[in-house]
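Peer 1: Prediction below, plus the sequence it came from.
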Amino acid sequence: MSFHEQTCFATRLMHQTMEPEKENDNYSLLTKCVILLVVLAYVIPLFLLGENSYIRLHDTLEGEWVWLQILDNSHMAFNFHANAIVPQLMKGLPRNVYPTGLSVNMILVHCFGVFKAYIFSSLIIRIIGFSGMTLLLRTYFVKEHENRFIVWLCALAFSVLSVYTPFGILVLGQPLLLWAFLNLHNRTRLLTSYLIIALFPFYASIVWLAIPFTALLGLVGLYFFYHSAPGKHYVAGMMLLLGMFVVANFPMLSAMFVKTGFVSHRLAYNLYMFEKPDIGQSLGESLLMLVYTHYHIATFITSIAFMAIMLTIKKNDTLMMSIFIAIVLICLFQGFYCYPEYWFGARIALMKSFRFNRFSVLLPFLWLLGFALALAKMRRSAVLKPLVLPFLLLQILQALAGNDELIHNYRALTGHQKFPGFQNYVANQQFNEIKKYIGKPVDSFYVASLGISPSVAQFNGFYTLDGLMSVYDLHYKETFRNVFAGEITKSNDIAGYYDGWGNRCYIFSSELGIKHEAFNCYKFTPQHIDNFAFNAKAFSSMGGRFLISAVEIRNHDAQGLHLEKVFSDDQSWWTIYLYSVKTNS
């Protein structure tokens, strides 16, 4: 070979070597820019809106998050006595029906208050989600350096999912937890891994995660056992995880073994009061779960991940096939769980009071893991390689578009606010005026709400007869029913919602219904009730003194109620009609 030929060959070789490096550098720069833009897009509205930022209402401000404030205000967060009572809701509820005090969220609320705690927790959860998915993919599933941008952008898409902050790292912490267990199996990073496993239960829901993730770990363990022994560290990690879940949730779990005379309302669940399971509905729910997962878990549109997996899945690809089969089985189980629940619920009390169809909690993680594996395979295909980056960017955009808190914050910034921000919702100034008008200590009387979630009164320190609780006394539910029994007779919807379920122990009106709007009657769309059936005597006998209503009750006088005053406030989203029970009722 001549000197000229040797020079040309060396030049071509150098170009071939440098082109992938240049391509990787470009991907790396683009990835960093995308991550920076997404982080800024997420945090800027929070800084600009402050306490007017939107926090999800459903099951969050109206439930899980207000419980933490109630525990903190009552100094009962760390009271683990079996007979401890928290007095603010429903004439006093056992401490052990509330969330554990041994949680990161509880500590954040205690240190920073409910709003800042929520924002801090949301950010911490997302940092853990990004870090955990990055570590898991980079260490065990997508190891190639040239695919590092896939790892980072998949982790980003995962971390911005619209998860429920009160549930902590329930969803976004799963990659980190699996990373720890795989480390134990491989006998590496033992101290770090044991520490992650030990701390995890203090920032995740035992009700949602313990059974599904233990099942997942069991299946992974069986796979290891089939190919090679899973090792003592892996087994020890599983025992440690379950043990720490018990420690973190000891007050709740101990109630199962202490006889107190308390009978949970969940034992009276009758979810099929007016309709039986239907195969068409079950198939529809399974399909919806496959396409959209579950709003309690994460609003995750699966179309992009589904296309990537379908383009690359092969029968001989055990891992990819296992992930996809697991997704399909979980969706089918979720859709058809109503059948065993309907058949056996009446015979098996535990099946009625505890729902075992929580495996959907694994879906976002499984989808993103399958998506990352599919993209890594696509990069090895000359035909599919150009689709990798567009798929990643589309998945990130879909995740952002499904984040309701982010979308509603941008709506507020652009003057198209659809739901109240935190201060609009809790209306501190307006409720302080109500307290001043009443002129009595809030612990000396009880109130209830109509057309507005009881959580608003609870955030403002009022003692309420009503509330959203996942567990409370069945006798109390039956007694409270008498207050609005006349409305139940008018509506099968209310009968099914309250008698058949009843976690929302609210006063309902047949004219308002049972949908979200029924207890979020904002002042911008004034409403009224013409014929409200209210038992003032039953209300008064329970200690009820005032009814806080977001709607006008036009027949209030005939129902033993007196309109005290109408309260309005510029920042609040409510017009409050304060009714008192007539003394002769």
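Peer 2: Great, that's in hand.
Peer 1: quick one: pLDDT of the closest residue to Pro99 other than its chain neighbours?
Peer 2: Taking C-beta to C-beta, 6 or more residues apart in numbering as the measure, Pro99 lies nearest to Trp67, with 5.8 Å between them; neighbours along the chain are not counted. Yep, even glycine has a C-beta here, placed from its N, CA and C like the rest. Model confidence at Trp67, expressed as pLDDT, equals 96.
Peer 1: How about the secondary structure of Trp67?
Peer 2: Taken by DSSP: H, G, I helix; E, B strand; the rest coil, the conformation at Trp67 corresponds to helix.
Peer 1: what's the neighbour count on it?
Peer 2: Residue neighbour count, defined by other C-beta atoms under 10 Å, stands at 25 for Trp67.
Peer 1: Where do the helices of the stretch 1-150 of the chain begin and end?
Peer 2: In chain order, the stretch 1-150 of the chain shows helices spanning 3-49, 65-73, 104-112, 114-136, 148-159, with DSSP state H, counting those that start in this stretch as the criterion.
Peer 1: what sits up against the second one?
Peer 2: What it means is helix 65-73. When contacts are taken as C-beta atoms under 8 Å, 6 or more residues apart in numbering, the neighbours of helix 65-73 outside the stretch itself are 55, 77, 86, 88-89, 98-99, 101, 105-106, 109-110, 114, 117-118, 165-166, 455, 458-459, 461.
Peer 1: Pull out the buried residues from that helix.
Peer 2: When burial is assessed from 16 or more other C-beta atoms under 10 Å, helix 65-73 yields the following buried residues: Trp65, Val66, Trp67, Leu68, Gln69, Ile70, Leu71, Asp72.
Peer 1: What helix or strand is Ile196 located in?
Peer 2: Using DSSP states H and E, the element containing Ile196 is helix 190-199.
Peer 1: Give me the distance between Tyr54 and Ile434.
Peer 2: Here Tyr54 is placed at a distance of 24 Å from Ile434 (C-beta to C-beta, to the nearest Å).
Peer 1: what do you get for Val247?
Peer 2: In this view, Val247 and Ile434 are 41 Å apart by C-beta to C-beta.
Peer 1: One more: Leu108?
Peer 2: With the distance defined as C-beta to C-beta, Leu108 ends up 29 Å from Ile434.
Peer 1: Also Met273?
Peer 2: Between Met273 and Ile434 the distance is 37 Å, computed by C-beta to C-beta.
Peer 1: Name the residue in the two with the higher neighbour count.
Peer 2: Each of Met273 and Ile434 has its neighbours counted (other C-beta under 10 Å); Ile434 has more, 21 against 13.
Peer 1: Report the contact partners of the more buried one.
Peer 2: By C-beta under 8 Å, 6+ apart, the residues touching Ile434 are Ile548, Phe567, Ile576, Leu578.
Peer 1: The second one pairs with what?
Peer 2: With DSSP bridges as the criterion, Phe567 is bridged to Ile576.
Peer 1: Ile576 is in contact with that one, correct?
Peer 2: Yes - Phe567 sits in contact with Ile576 when judged by C-beta atoms under 8 Å, with a separation of 4.3 Å.
Peer 1: For these two, indicate the residue with more neighbours.
Peer 2: Legend: neighbour count by other C-beta under 10 Å for Phe567 and Ile576, higher for Ile576 (26 against 18).
Peer 1: Now do that one, the pLDDT please.
Peer 2: Here the pLDDT value assigned to Ile576 is 98.
Peer 1: correct me, but it touches Val551?
Peer 2: No - in terms of C-beta under 8 Å, Ile576 does not count as a neighbour of Val551; the distance is 10.0 Å.
Peer 1: among the helices and strands of the chain, which one scores worst on average pLDDT?
Peer 2: With mean pLDDT, DSSP states H and E as the measure, the helix or strand of the chain carrying the lowest mean pLDDT is helix 349-353 (a mean of 66).
Peer 1: Please consider this matter closed, and thank you.
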